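Visitor: Quick one: sequence and predicted model below, then my questions.
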Amino acid sequence: MNPTQRTALSEHEIHVWRFPLIAARQEMTSLSHWLSEREKAELDRMRSFAKRDKRIVAWGRLRFVLSRYLGCVPGDIQIARDKFERPEIIYPETPGLRFNLSHSGSFGLAGISRDAVGVDIEKVDASVRIERLAKRFFSPGEAERLSTRPEEERIQMFFRLWVLKEAHLKSHGERIPAGLSQCEIAFDKDGPRLCRSKFESTAAESILTDIPVTKGYAAALAGVQPKADITVFDL
């Protein structure tokens, strides 16, 4: 990885970076050195070494991606939470650069934008009791539409809805899972559509789209601007 390469981003673009959560030991050392003391302390409290390593890769590669836009060393980047609990860069100064991170299983996803953005990726788990979760966290309309799908399609549709809803909530800095039932998503021939949301004045104000990922996963992107050119990169 070359942290000196610069990537440009206009106000009308959103970049999405897909990456594996696997790294050679030498790379793991570099990635861990880029993390903050707070992040390292959080890692030290984790009992699972496998989950700990994946967290190191996710946070480290996020800093590498951000360094391409900021033109700095990844380890110099300082990240905190804003008043909505969304992550934000506090050093170096970078007016208007926003990001979001998600990881699950063996893959991570980062969204980079000039406005608030949310991403989510989930490994599809066929053992999940989707009817019970849909009844608890989805709107009545979503749960009903899910129940009418053929059995072999339900699990994929459940996770597709879940990541879209999480991405939408993350773009608005809302709590998960408390806010999942406060928005409703349907699928048209053109893709996902936000029918209603407690978190914005009109459903047409947000970007909401699936992100293509490897088989066995579902991923989504949400942005608060009306439209943007979306480009997906692999790291």
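Guide: Everything's here; your move.

Visitor: Break the chain into its domains for me.
Guide: As given by automatic domain parsing, the domain ranges for the chain are 21-96, 120-234.

Visitor: Ok, which of those comes nearest Gly108?
Guide: domain 21-96 (4.6 Å; Cβ to Cβ). Quick note: C-beta positions are derived from backbone N, CA and C, even for glycine.

Visitor: Just name the most buried of the domains of the chain.
Guide: domain 120-234 (a mean of 17; mean count of other Cβ atoms under 10 Å).

Visitor: Look at Ser201 and report its pLDDT.
Guide: We note a pLDDT of 56 for Ser201 in this prediction.

Visitor: before we move on, the earlier item: present the domains of the chain as TSV; the columns should include distance to Leu9.
Guide: Output for the domains of the chain, formatted as TSV (distance: least, Cβ to Cβ, whole Å):
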stretch	distance to Leu9
domain 21-96	6
domain 120-234	9
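
Visitor: For the chain, just list every one of the helices.
Guide: Taking DSSP state H, the helices of the chain run over residues 25-33, 37-44, 49-70, 130-137, 140-148, 151-171.

Visitor: Relative to Ala8, which of those is closest?
Guide: helix 49-70 (7.9 Å).

Visitor: then the closest one to PDB, C-alphas only?
Guide: Written as PDB, here are the backbone C-alpha positions of helix 49-70 (Å, rounded to 0.1, in the frame of the first residue of the first chain):
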ATOM      1  CA  PHE A  49      -7.700 -12.600  18.800                       C
ATOM      2  CA  ALA A  50      -9.400 -13.200  15.500                       C
ATOM      3  CA  LYS A  51     -11.900 -10.400  16.000                       C
ATOM      4  CA  ARG A  52      -9.100  -8.200  17.400                       C
ATOM      5  CA  ASP A  53      -7.000  -8.800  14.200                       C
ATOM      6  CA  LYS A  54     -10.000  -8.000  12.000                       C
ATOM      7  CA  ARG A  55     -10.600  -4.700  13.900                       C
ATOM      8  CA  ILE A  56      -6.900  -3.700  13.500                       C
ATOM      9  CA  VAL A  57      -7.200  -4.300   9.700                       C
ATOM     10  CA  ALA A  58     -10.500  -2.400   9.400                       C
ATOM     11  CA  TRP A  59      -9.300   0.600  11.400                       C
ATOM     12  CA  GLY A  60      -5.800   0.600   9.800                       C
ATOM     13  CA  ARG A  61      -7.000   0.300   6.300                       C
ATOM     14  CA  LEU A  62      -9.600   3.100   6.900                       C
ATOM     15  CA  ARG A  63      -6.700   5.400   7.900                       C
ATOM     16  CA  PHE A  64      -4.800   4.400   4.800                       C
ATOM     17  CA  VAL A  65      -7.800   5.200   2.600                       C
ATOM     18  CA  LEU A  66      -8.300   8.600   4.400                       C
ATOM     19  CA  SER A  67      -4.600   9.400   4.000                       C
ATOM     20  CA  ARG A  68      -5.100   9.300   0.200                       C
ATOM     21  CA  TYR A  69      -7.500  12.200   0.400                       C
ATOM     22  CA  LEU A  70      -5.700  14.100   3.100                       C
END
